[in-house]
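Asker: Here is a sequence with its predicted model. Questions after.
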Amino acid sequence: MLELKNISFQVDAEGKDKEIIRNISLTIPDRKLVVVTGPNGGGKSTLAKLIAGIEKPTGGRIFFNGEDITELGVTERAQKGIAYAFQQPVRFKGIRVLDLIRIAAGKTLSISDACEYLSAVGMCARDYVDREVNASLSGGELKRIEIATVLARKAVLSVFDEPEAGIDLWSFRNLTEVFQHMREDIHDSSILIISHQERILEIADEIIVLKDGQVEKQGTRSEVYPNLMINEKAAVCEGPFKVTAKEGTEC
Ligand SMILES: Nc1ncnc2c1ncn2[C@@H]1O[C@H](COP(=O)(O)OP(=O)(O)OP(=O)(O)O)[C@@H](O)[C@H]1O
């Protein structure tokens with residue numbers, strides 16, 4: 001279980017203090033798939049980076065299975081079982097896709113085992129295992145490879161920052177199935193996905209809405225999702241809208 005207690009994150013932006021995360025307290029329980037959503041610039045990626053240890057909070061404490069990990073860096077948190085897939089993954093010149101998946105798994109996987117992770121994210125695995133993780137890969141390919149490495153980690157807490165970004169619709173459909181399988185096979189781990197996608201929100205156990213660096217809403221999918229959809233619809237409807245019990249929201 002991951003617990004954030006009164007977490008704040010402030011940066012110096014052109015000589016002025018800017019508070020990106022404002023006194024957030026939340027829990028990511030074991031055996032749950034939690035989706036963080038909300039408007040652009042609300043602080044979602046920053047929250048993920050604070051959890052992964054890429055950024056350090058300027059206030060508050062972070063606990064992982066009861067242990068205070070606030071002062072631990074990325075590597076130590078990774079060793080404790082926190083895996084993180086960037087919104088914009090980094091490239092590793094000189095390292096093959098196969099090596100990256102083996103490093104993530106922490107063991108010498110056979111080529112066919114490594115290929116399974118690539119196939120899971122919609123890649124024709126044999127075409128990719130020997131490719132270098134360099135600039136020759138497209139953004140979408142790189143993104144899928146990174147998601148495959150997080151799958152290979154089998155982490156205690158897997159954090160995915162906008163896994164849908166840059167991924168074509170067909171592969172995205174596959175990807176939601178991957179998350180669904182991860183959810184079914186969750187045991188003592190948990191999954192945190194930052195996403196704007198309805199298909200991902202629909203498979204969440206819990207949804208957190210982050211806005212202006214604060215938790216605007218938090219609850220089970222059935223508590224949060226219907227209202228979220230109404231608000232989204234209201235934002236795009238020019239005129240008045242009505243809600244019907246059966247059909248959801250109509251403009
Ligand atoms: N190091 C930084 N210095 C200054 N401003 C920052 C820094 N990091 C993030 N921000 C700002 O903080 C806000 C939140 O950024 P963040 O990337 O966490 O948002 P987000 O909710 O993930 O957005 P999106 O949905 O667009 O990915 C944004 O306004 C961003 O420009």
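Answerer: Structure's in. What do you need?
Asker: Skip the chain neighbours and tell me the closest residue to Arg153.
Answerer: Leaving out its chain neighbours, the residue that sits closest to Arg153 by CB to CB, 6 or more residues apart in numbering is Ala83, at 4.3 Å. Every C-beta, even on glycine, is put in place using the N, C-alpha and C of the backbone.
Asker: Is Val178 in contact with Val121, as I believe?
Answerer: Yes - here Val178 reaches Val121: they are 6.5 Å apart, a contact under CB atoms under 8 Å.
Asker: what residues are shared contacts of these two?
Answerer: 147, 151 (CB atoms under 8 Å, 6 or more residues apart in numbering).
Asker: Which one's more surrounded, these two?
Answerer: Shown here are Val178 and Val121; by other CB atoms under 10 Å, Val121 has more neighbours (23 against 18).
Asker: my guess is the more buried one contacts Arg173, does it?
Answerer: No - under the criterion of CB under 8 Å, Val121 makes no contact with Arg173, lying 11.6 Å away.
Asker: Any residues of this protein in contact with the ligand? List them.
Answerer: Neighbours of the ligand within the chain, by CB under 6 Å from any ligand atom: 11, 13, 18, 20, 40-46.
Asker: Helix, strand, or coil at Ile207?
Answerer: Following DSSP: H, G, I helix; E, B strand; the rest coil, we place Ile207 in the strand state.
Asker: With adjacent residues omitted, what lies nearest to it?
Answerer: Nearest to Ile207 is Val224, by CB to CB, 6+ apart, at 4.1 Å.
Asker: now do Ile62
Answerer: In space, Ile62 comes closest to Thr70 once its chain neighbours are excluded; the distance is 4.9 Å by CB to CB, 6+ apart.
Asker: And for the one you found, the neighbour number?
Answerer: Applying other CB under 10 Å, we find 17 residues neighbouring Thr70.
Asker: Kindly report the same for Tyr128.
Answerer: Neighbour count for Tyr128, taken as other CB under 10 Å: 22.
Asker: contacting residues around it?
Answerer: Tyr128 neighbours (CB under 8 Å, 6+ apart): 97, 118, 141, 145.
Asker: between those, which has the most around it?
Answerer: Val97 (27 neighbours).
Asker: does it really touch Leu118, like I thought?
Answerer: Yes - under the criterion of CB under 8 Å, Val97 makes contact with Leu118 at 7.2 Å.
Asker: Name the residues contacting each of the two.
Answerer: With CB under 8 Å, 6+ apart, Val97 and Leu118 have common neighbours 128-129, 145.
Asker: And these, which is closest to Gly66?
Answerer: Comparing these against Gly66 with CB to CB places Ile145 closest, at 33.6 Å.
Asker: tell me the average confidence for the helix or strand where the closest one lies?
Answerer: Using DSSP states H and E, Ile145 sits in helix 139-153. Mean pLDDT, computed over helix 139-153, is 88.
Asker: could you point out which element follows it?
Answerer: Next helix or strand after helix 139-153 toward the C-terminus (DSSP H and E): strand 157-161.
Asker: Now tell me what touches that next one from outside.
Answerer: Against strand 157-161 from outside (CB under 8 Å, 6+ apart): 2, 28, 44-45, 48, 51-52, 64, 81-87, 147, 150-151, 182, 189-195.
Asker: give me every residue that touches Ile207.
Answerer: So, once contact is read as CB under 8 Å, 6+ apart, Ile207 ends up touching 34-37, 201, 217-221, 224-225, 228.
Asker: Apply 6 Å and report the result again.
Answerer: For Ile207, the contact set (CB atoms under 6 Å, 6 or more residues apart in numbering) comprises 35, 221, 224.
Asker: do the same with Ala48
Answerer: Residues in contact with Ala48, defined by CB under 6 Å, 6+ apart, are 159, 161, 194.
Asker: and if you look at Phe172?
Answerer: Glu164.
Asker: Repeat that for the one 4 residues further on.
Answerer: With contact set as CB under 6 Å, 6+ apart, Thr176 has these partners: Arg199.
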